[in-house]
Structures are given as C-alpha cells and as structure tokens.
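J.: Got a predicted model here, sequence first, then my questions.
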Amino acid sequence: MEVRTRFAPSPTGYMHLGGMRTALYTYLFTRKYGGKFVLRIEDTDQARYVEGATEVIYRTLRDIGLTWDEGPDVGGAYGPYIQSARKDMYLPYAKQLVEQGKAYYCFCTNEALEARRAAAAERGETFKYDKHCLNIPREEAERRIAAGEPYVIRQNVPTSGEASFDDVIFGHIAVDCAELDDMILIKADGMPTYNFANVIDDHTMGITHVLRGSEYLSSTPKYNLLYEAFGWEKPVYIHLTNIMRDATHKLSKRTGDAYYEDYISKGYLMEAIRNYVALLGWNPGDEREFFTMDELIEAFSLEGLSKSPAIFDVNKLTWMNAEYIRRLSGEAFTQHALPYYAQAGIAGMDHAVLARILQPRTETFAQIPEMVDFLAKLDEDYSVELFTNKKSKTNPDVARDVLCAVLPALSALPDWTEEAIHDLLIGMAAERGLKNGTLLWPVRIALAGKQVTPGGAIEIAVLLGREEALRRLALGLSKLG
Ligand code: GLU
C-alpha cells in the first residue's frame, strides 16, 4: 500500500509551532516510507479567512525545507486541494447519507435553537440537538428546500452504543454515542462543516495516515461514525501531544512564543528551530541531538513519538541555535546578521572582523544590537573606575600613562589595519616591559566605554576606524586627567 499523508492547515496567517511540528513529522514519515505528501488548505470557515494566509503557509513550509507532492500550487490527481474550491463535492455525500437515513435535513432556526438552549440551561442541562427535525418526512423536507427555506444537514448519530477508534499513540479511544450531538455536516450557506469536509477529503484524497494535533483526539470518534456510515476504511490516526510552555500552559499567541515567525524575528535560525521542534515529542532512541533533514528522515519512526506533552524549553532552543550559529561560515553569519547590523548602525563596519568577534558569542541574532551598542555610540559618561583591573594590573594611573603613549603612536600609524595596530601595540608593550593586557585593557576601555565587549582592543580599533578610535582614546585620556 502506498503511504499517502496530508498536512491540512487552516490559513490563519501564522505557523504555530505545533502545526510546524505536525507538518514536519508528517513529511518525515512520508519520505521515510516513500509515500506522497499532500498539502490541503482547510478554509471552510470563510468567516475566519485571512488575506494572504495561504502564501504564509507555502512560504513557511518551503522555508523549513518541506516539499509536497500534491497541493494547491503544484496540482495532483486528487485536486482541487483548497477546500473552498471543493465546496460542491460535499453536498452529494451528505445527501447520500440522507438517503440512507444516516443524516437528515434540519430547518431549526437559530432563534429556535437559542430558545431551546436557554431552556436547557435553565434546567441545568447542556443542550444537545434534540433530533427535532429527524422525523420530518423526506417529501416535506424537499418541498421546503425547493421553496427556499434555509436548512442544514445533520448527522443522525445513534443514541446508544459507542464510537471508537484506535490511535497509534493514544490507543483505543471511545466515546458514548449518547453524549454526541447530531453534528451539522452542511451549513446553511451550503458549505460543509470543518469536520465533514475533513473526513470527505481524507477519504477522497486516498489518505492512509493522519498525523495531527491531539486537540482533535476527542472529535475523531465522531468523525469515524461517518466512515462507518459510508462504509469506508478509516485512515491510521496518529495524534501528537501538545507543546506546552510549562506543565499547565500551552504555547500561546498572547505570550508571543507560539509561532515559528516569532522565533525567526527573535533571531533564531530555521535549522535550529526545525531541529529543536523535531525533538519536541519525538526521540531518535539514542543520544543524538543534531539532525539535518536527511538524518531526520532516516531516524524518524512512529515508535519514537511520545505520549506525554512536550515542554518547550526556550533555553534549550537558544543553546541549539548558538551551536547552529557557530557552525555557519563567516559569510553566512554575515548574511543573517546584516539586518541587525543595520539596526545597530554598524552595517558599514568590517564584516569579517564583526563575524570573527560576534559569531562565537551570538546565541540569537537579535542579541547583536545590544552586544555592539558601544560600536555605534560610545557612552561618554563611563566611569574611570573601569580602567581598574587587577588581573591586567591596571588602574587609572597606569591607564593614563598607557594612553599618553599610545595615542600619538596610533595617530602616526600610516595604515589603519589590524596587523599594523597589532604590531604597534604589542611592540609598545614589549618595549615598556608591560604585559600585553596591561597595555590593551586601558585602550579597550577607552574605545568601548565598558568592560565586557565582544572582541579585543585591536579589533575594536579596526572596526571604529582611525578617526573615531583616536577621538575615543583622546576622550579617555582627558577623563583620566
Ligand atoms: N485544519 C486543521 C488545523 O489547521 C487540521 C486538522 C487535521 O489535520 O485533521 O488545525
């Protein structure tokens, strides 16, 4: 049997990390078994339609390296792949169930339903559709429809017995039919409900395995009544546990940690996010933590999926991101860092030197502006106490002597290159019998106005350029009196 899977996002305008993980696992599973991966856009809920949201889905999936074999943009034999474009396909299936007595036309108005819901609430009961229209004779129903009366089609759920299915992760899931509502299959506007379209599409697209979030676990038995009503074979269900912020909270839009885009804009690399998300709820069965896409395909298995919710640990992601950043080439680092250099006002500085000092310490690109703030602008009010450092054996007096000697020597330097600055400063330290650190510490403090900086005195001097470096050194000297 050929494996056919689908990722079926609703176009919301964002990619939730949970959705991204579902897409990734579905893709890995499919590629592993040489199957077909289908992209289906579930946009039956037109009220929630977000302009441009489908493009966001394409872009994000491509970004994370997923390719689909069938989908709205690439076509395929089971199309169309956007539910709104399939809308005429659903009604005949609903009518087929009506023929079989497994569904019926319902004419209850919203007002009537509201009144019955309110009455139920008053009795302290939760309202469940009361099969009010079930016994309307078919000819009468058809006459009313022909006369233009609004209607929906409801599933005729058995009043007793059990609806159940077996999930690969969660095992046997059963619900009492008595607890189920006669759910609407076709809405008054002629559109299918989300659940109905989902079932019809999975079947008509030949989907063999459904991977999706565990929020659908409880509605799946209800769907399965439809499979039984049609006499169709059910796909294999694999529900994935939630991704949680902590033991009790899901990742949420409100806390700004739920979406793939949130992390990209916080300066995380796609590769690190993908790698980390792959490990949220799946483990390879060994100690490995770093995976390329090919390695993920090779290592992925349903047996490695976890049953308990995954806790999203941003520190772990950040650690992993730093590791991915360190593995970038200098040029690739610069490509990613450029927008942040621009933001910090240092885009014109030497990129190779910036990459050399920043790459080893950057955990997320968004940290860059803060790390380099002193390059763009010196905080001139820094305290002269910064010149004191026990280990380098310096204090404001030593610093004054050092800067007094260094400033004219640097001013006279013909080439403002790293090599020339290095040779000059290291040569001066040797000449004066000073430790390199004793000479370089005051220079760096004067150049940066702070004690902790990425890069040393020489690198900072090159980045600042002659004029600004000399200006800062002169300022340092004047502060020291
Ligand atoms: N359209 C659903 C969503 O965006 C997916 C449901 C499914 O995979 O069956 O969450």
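T.: That came through, no problem.

J.: So what touches stretch 316-329?
T.: Applying CB atoms under 8 Å, 6 or more residues apart in numbering, the contact partners of stretch 316-329 are 263, 268-269, 271-273, 275-276, 289-290, 333, 336, 359-360, 362-365. To be clear about C-beta, it is placed using only N, CA and C from the backbone, and glycine gets the same treatment.

J.: same for the ligand: which of the residues you listed are within range?
T.: Checking those against the ligand by CB under 6 Å from any ligand atom, not one of them is in range.

J.: Just the buried residues of those.
T.: Buried subset of these (neighbour count, 16 or more other CB atoms under 10 Å): 263, 268-269, 271-273, 275-276, 333, 359, 362-365.

J.: Take these and write them to a markdown table, including secondary structure and distance to L61.
T.: Formatted as a markdown table, the entries for the buried ones among the contacts of stretch 316-329 read as follows, by DSSP: H, G, I helix; E, B strand; the rest coil; distance: CB to CB, whole Å:
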| residue | secondary structure | distance to L61 |
| --- | --- | --- |
| Y263 | helix | 16 |
| Y268 | coil | 17 |
| L269 | coil | 17 |
| E271 | helix | 15 |
| A272 | helix | 17 |
| I273 | helix | 13 |
| N275 | helix | 16 |
| Y276 | helix | 17 |
| F333 | helix | 25 |
| Q359 | helix | 29 |
| T362 | coil | 27 |
| E363 | coil | 26 |
| T364 | coil | 23 |
| F365 | helix | 22 |
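
J.: now these as a markdown table including pLDDT and distance to A121?
T.: Rendered in a markdown table, the data for the buried ones among the contacts of stretch 316-329 read as follows (pLDDT from 0 to 100; distance: CB to CB, whole Å):
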| residue | pLDDT | distance to A121 |
| --- | --- | --- |
| Y263 | 95 | 43 |
| Y268 | 97 | 47 |
| L269 | 98 | 51 |
| E271 | 97 | 52 |
| A272 | 98 | 50 |
| I273 | 98 | 45 |
| N275 | 98 | 49 |
| Y276 | 98 | 45 |
| F333 | 98 | 61 |
| Q359 | 98 | 62 |
| T362 | 98 | 57 |
| E363 | 98 | 52 |
| T364 | 98 | 50 |
| F365 | 98 | 53 |
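
J.: out of these, which one sits closest to A457?
T.: Closest approach between these and A457, by CB to CB: Q359, at 19.2 Å.

J.: Now the closest one. Nearest residue, chain neighbours left out?
T.: Taking CB to CB, 6 or more residues apart in numbering, and ignoring the residues beside it in sequence, Q359 has F333 as its nearest neighbour in space, at 4.9 Å.

J.: One more: F374?
T.: Once flanking residues are discounted, F374 sits nearest to A448: 4.6 Å by CB to CB, 6+ apart.

J.: Then V56?
T.: Computed as CB to CB, 6+ apart, the closest residue to V56 that is not its neighbour in sequence is G13, at 5.7 Å.

J.: Could you do A405 as well?
T.: Once flanking residues are discounted, A405 sits nearest to M428: 6.5 Å by CB to CB, 6+ apart.

J.: what about the one you found, how many residues close to it?
T.: Neighbour count of M428, defined by other CB atoms under 10 Å: 17.

J.: For the ligand, what's its nearest residue on the stretch 151-300 of the chain.
T.: When distances are taken as CB to the nearest ligand atom, the stretch 151-300 of the chain approaches the ligand most closely through R212, which lies 3.5 Å from it.

J.: Tell me if I'm right that that residue and T241 touch.
T.: No: when contacts are counted by CB atoms under 8 Å, R212 is not listed as touching T241 (11.5 Å).
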